[in-house]
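Student: prediction below, plus the sequence it came from.
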Amino acid sequence: MSKTVYFKKDQVILKEGELSFEAYIIDEGEVEVSKAGYGYLATLKENEVFGEIGWLERTPRTATCKAVSDRVVLRVLKEEDAVRFMKNNPKALVPILRALSSKLRGTLELIEKFTGSKE
């Protein structure tokens, strides 16, 4: 179902705004996430997932992700495998749901920080 891809330091994996619909699981190395107008957002490490928003919703990439380790090894979850993956592998969705939850929590914290409100 998934294939493995390799990246070297500073290679762009995903570019904000592009249309590509795969998700990635980091097997080795680190990936930096950045967003135009905001800069650096996070560094992702082994077993973390990214690209899941485009994979699940078929929307343009919301951030740019690039390799920051000398070697980055990723498992690719292809767009056409999304429904089958969810149906046949429901336990494997847990890391994806955790990633989405963490991103939502971080967004809410930023909103609170900039507005001074918890609503």
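Tutor: Arrived safely, thanks for sending.

Student: buried residues in stretch 15-29?
Tutor: 16, 21-26, 29 (16 or more other CB atoms under 10 Å). Bear in mind the C-beta positions are built from the backbone N, C-alpha and C, glycine included.

Student: kindly report the same for stretch 33-49.
Tutor: The neighbour-count check on stretch 33-49 (16+ other CB under 10 Å) flags 33, 41-42, 44, 48-49 as buried.

Student: for the residue positioned nearest the centre of the chain, what are its contacts?
Tutor: The centroid of the chain falls nearest to Phe50 when counting by CA atoms, centre = their mean (1.4 Å). The neighbours of Phe50, taking CB atoms under 8 Å, 6 or more residues apart in numbering as the test, are 14, 23-24, 26, 31, 33, 44, 65, 99.

Student: where in this structure is pLDDT low?
Tutor: Within the chain, the ranges that satisfy pLDDT under 70 run 1, 82, 85, 92, 117-119.

Student: which residues of it fall in strands?
Tutor: With DSSP state E as the criterion, the chain has strands at 2-8, 12-14, 23-28, 31-35, 39-44, 49-50, 64-67, 71-77.

Student: tell me the strands beside the second one, with direction?
Tutor: On the basis of DSSP bridges, the sheet neighbours of strand 12-14 come out as strand 64-67 (antiparallel).

Student: tell me the bridge partners for the residue nearest to the centre of the chain.
Tutor: Counting by DSSP bridges, Phe50 is bridged to Tyr24.

Student: which one of the contacts of Phe50 sits closest to Lys87?
Tutor: Ala23 (15.8 Å; CB to CB).

Student: now do the contacts for the closest one.
Tutor: Per CB under 8 Å, 6+ apart, neighbours of Ala23: 49-52, 54-56, 76-77, 96.
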